[in-house]
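Chemist: structure for this input, please:
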Amino acid sequence: MDRNETHRLAIKQTFIGRGCAKRKSCLDWSKVIDVVVFASFRDICFVIPNESSRCTSINQTVEAHDSSVTCLKFLYRRSNCSEDVDYLLTGSARGNVRLWAVSLSEKSVVVALISDFVNIAVGPINCCTGVVLDFISNDVIIIGYALPNSLLNVERLTVRKHPMELVQKESYGSISVKPALIVSLAVYRASAENVLFIVGTTSNNIDLICASCTGALWLQKVSSVRGHSDWVCTISISEYENNILVATGGNESVIRIWRFDLYQNDTNEVKESNTAAVVVSFNLFDPISDASHYTLHISLLSILNAHHDWICSLDWHPYKMWLLSSSNDKTVIVWESAETDPNLWSDRARMGSIGGQAVGFFGACFSSAGSTILAYTYFGGFCSWQLEKNNSWKSVATFGGHSGQVKDIAWDPTGSYLLSCSCDQTTRCYAPSADDATDEKIFRVFTTPRSFIRTLRIVSKFDCNQLVLDELQLAQRNVSIPALGLSNMVLHSEDSENNEDFYNSSEYNSSIFEEGLQVEEKLMESTLWPEIQKLYGHGFEVFTVASNHSGTLVATSCKASTEENAFILIWDSDQWRHRCHIRCHKLTVVQLAFSNSESFLLSVSRDRTFAISARSSRNLYDWRVLLTSEQKYSKVHTRIIWCCSWSPDDRYFVTGSRDKKLCIWCFDGKDIQLLLQKKYAHAVTAVDFLPEQCNNHYILALGFENGNIKIERWSPAESDNNDSTSCLNHLSAHSETINTLRFRPIKGSWLNGASENNMWELASASDDSSVKVHQLILS
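Modeler: The predicted model follows:
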């Protein structure tokens with residue numbers, strides 16, 4: 001046998017499920033290269049819209065900072081800009097700011113770090129912005145970012161276009177707005193010599209700070225504009241027909257639209273304006289040359305008052321006099337200026353939800369063509385609307401995922417769909433579509449509603465009859481969570497004939513089971529599973545759950561700081577009764593794994609030991625401890641054992657620990673033998689065996705504390721016992737700890753259903769809130 005026969009391994013990422021960070025200023029759509037970016041923990045995630053400007057999947061993630069991304073923004077450019085590169089500014093929770101160059105190459109996003117600004121021990125960056133001044137060979141970039149100590153820092157960078165590299169980096173220093181804090185920021189080029197920062201503060205003022213474009217560096221506050229009665233939390237600038245329009249939104253739920261008019265002092269130029277509406281007028285003064293060449297007049301054009309809660313974001317349409325606003329009142333509004341009077345504005349369209357599970361929107365933006373709106377909510381979910389031919393906005397399905405740490409994932413037995421469980425208090429189901437597109441002591445049991453199966457049948461190409469043999473056993477009702485309740489409750493009574501007629505009606509089916517992918521609101525309201533059991537038995541929060549492969553038994557364990565609570569409970573899935581106690585550990589049992597034969601249960605614990613329990617041959621529910629690692633190998637693992645997995649033939653199993661060791665064990669049904677200890681640079685936090693051998697080798701997927709994934713092959717017949725095959729780097733894997741790895745139980749492609757002997761899919765779940773699927777091709 002050729003030793004390198006299975007060494008060649010191609011790995012491709014095929015799916016990313018992820019939600020947005022739960023804060024403002026974490027979503028933007030580049031009007032230059034037509035790419036969407038959003039923040040999620042330490043990563044920035046990129047989405048490439050399709051030809052109709054719909055966002056159907058996340059294409060790429062990049063670890064942007066060593067702490068959570070707190071804000072991001074594509075830099076302001078002239079509306080007629082036709083460059084193939086856009087600049088992205090990001091800020092982090094530790095006060096770092098980074099400038100990135102973003103471009104498209106075929107169907108992927110190319111991201112390059114241009115510069116890094118380190119601010120030591122100042123806290124999170126509240127907001128950031130910048131403007132690009134285009135020259136023939138270089139781009140001059142002026143950026144500003146707000147620090148939590150009331151300072152606005154301003155930097156100037158010169159970037160060569162071809163090849164792209166940083167030529168010069170200069171600092172203007174900082175300017176204070178104390179005692180207020182900076183909560184919003186925007187900038188534009190006011191004249192040939194000046195850029196103007198528009199700063200929203202907690203003092204309800206809009207501060208205007210001027211900086212030089214070229215030549216000597218200077219920075220000064222020139223004026224303040226009053227008008228809002230609460231914090232000015234969002235600012236957006238538009239250049240429309242040679243007019244500069246500035247929209248500002250406050251926490252008092254009011255939007256104000258201002259016009260900025262620039263006059264040259266050495267000419268008699270006078271623009272048509274209502275001088276009575278001029279709020280502020282000041283000179284753009286150059287302190288270096290002691291000259292003033294321009295005067296800026298600021299006029300209040302309109303006050304928009306239709307929201308009922310905080311204004312969270314504003315975005316101008318790229319080509320029309322439309323303004324998009326999102327609010328904490330669960331609505332997104334498109335405002336339009338009247339053709340007869342540009343000072344008269346009305347709400348052209350209003351999107352969002354009434355009631356239900358939805359909460360307010362944190363941000364919304366137009367696409368580069370202006371035909372699509374993308375918004376995100378407090379839950380981290382995304383909503384999207386497209387402009388129809390009749391000028392109405394239609395809700396369309398878009399990408400999404402968890403907004404909290406993903407702790408576990410599992411494939412269904414047929415490999416049709418993937419389930420994930422997260423700290424954001426949701427469990428999500430992922431399935432390929434033909435369309436483009438909590439701590440508790442109680443263990444809860446849910447049953448599948450018919451609505452879920454019908455939705456899965458509509459959007460997925462898989463045969464749902466393979467998943468559900470008897471649809472009559474399914475719950476016939478959808479459920480909802482009462483306002484003051486904690487459990488999913490059935491919407492209507494099962495025995496109501498009137499309700500039965502309603503649920504079988506075309507009205508119900510057309511409203512719930514719409515064709516195509518489901519939008520976030522429908523998923524939250526119409527796909528909840530009814531709870532049928534609460535299983536009590538543990539004294540503390542349930543920590544891990546496992547089921548055997550036939551689904552007849554479930555094993556659970558809870559957090560434990562004493563031996564008294566470190567037991568395992570075995571439940572039957574028919575009557576949901578507690579059948580057996582297993583005591584074999586002294587501290588929290590971290591992971592459980594049934595063998596493929598369902599005769600053995602492997603458990604690993606925080607007490608640095610593992611144990612194997614065996615099932616009685618006479619009684620399905622009679623389990624006894626067969627052996628523990630304390631008996632022969634008490635010193636192998638010196639830290640908590642995070643993970644374990646059985647080989648497909650049950651002859652071997654592996655354990656991974658915080659001591660950075662991976663151990664492979666031989667098991668003959670009665671005793672164990674240590675075959676291999678391998679140490680890595682980081683703690684091993686997840687492991688899984690490929691469901692079958694490949695050329696007499698076992699294939700292992702390893703997940704690490706730093707977010708990396710390694711694919712290794714191993715054979716007990718080889719002298720060295722291990723051979724690394726391929727490793728995903730941390731950019732294409734995860735940016736934080738990997739919690740679970742799961743191989744798809746069947747061969748072939750999950751997305752298109754193709755069956756290929758050398759293709760497997762590997763799902764991964766991480767603390768970075770993402771679920772990813774990687775395609776492995778063995779050759």
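
Chemist: CA atoms for contacts and neighbours, from now on please.
Modeler: Noted.

Chemist: quick check: Cys580 touching Ile570?
Modeler: Yes. Contact criterion CA atoms under 8 Å: Cys580 and Ile570 qualify, at 5.0 Å.

Chemist: stretch 579-594: which residues count as buried?
Modeler: When neighbours are counted by 16 or more other CA atoms under 10 Å, the buried residues of stretch 579-594 are found to be 581-594.

Chemist: got the CA positions of that stretch in PDB?
Modeler: What follows is stretch 579-594 as a C-alpha-only set of coordinates in PDB (Å, rounded to 0.1, in the frame of the first residue of the first chain):
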ATOM      1  CA  ARG A 579     -34.100   4.100  33.800                       C
ATOM      2  CA  CYS A 580     -30.600   4.100  35.300                       C
ATOM      3  CA  HIS A 581     -28.000   5.900  37.300                       C
ATOM      4  CA  ILE A 582     -24.400   5.600  36.400                       C
ATOM      5  CA  ARG A 583     -21.800   6.900  38.900                       C
ATOM      6  CA  CYS A 584     -18.200   6.900  37.600                       C
ATOM      7  CA  HIS A 585     -16.800  10.400  38.000                       C
ATOM      8  CA  LYS A 586     -16.100  13.000  40.700                       C
ATOM      9  CA  LEU A 587     -16.700  16.200  38.800                       C
ATOM     10  CA  THR A 588     -18.700  17.400  35.700                       C
ATOM     11  CA  VAL A 589     -19.100  14.900  32.900                       C
ATOM     12  CA  VAL A 590     -18.100  17.000  29.900                       C
ATOM     13  CA  GLN A 591     -19.100  14.700  27.000                       C
ATOM     14  CA  LEU A 592     -20.900  11.400  26.400                       C
ATOM     15  CA  ALA A 593     -20.700   9.100  23.400                       C
ATOM     16  CA  PHE A 594     -22.500   5.900  22.700                       C
END
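
Chemist: what's the mean pLDDT across it?
Modeler: Taken as a whole, stretch 579-594 has a mean pLDDT of 95.

Chemist: who's in contact with the closest residue to Asn343 other than its chain neighbours?
Modeler: In space, and not counting its chain neighbours, Asn343 is closest to Leu301: 5.3 Å by CA to CA, 6 or more residues apart in numbering. Residues in contact with Leu301, defined by CA atoms under 8 Å, 6 or more residues apart in numbering, are Arg256, Ile257, Trp258, Arg259, Ala277, Asn343.

Chemist: count the residues that sit near the third one.
Modeler: The local packing of Trp258 (other CA atoms under 10 Å) involves 21 other residues.

Chemist: just confirm Val109 contacts Ile44, I think it does.
Modeler: No. Using CA under 8 Å, Val109 is not in contact with Ile44; the gap is 11.7 Å.

Chemist: circling back to that earlier point, for the helix or strand where the residue nearest to Asn343 lies, list every residue counted as buried.
Modeler: Element membership for Leu301 (DSSP states H and E) is strand 291-304. For strand 291-304, a neighbour-count test (16+ other CA under 10 Å) marks Tyr294, Leu296, His297, Ile298, Ser299, Leu300, Leu301, Ser302, Ile303, Leu304 as buried.

Chemist: that one pairs with which strands, parallel or anti?
Modeler: strand 255-264 (antiparallel), strand 278-286 (antiparallel) (DSSP bridges).
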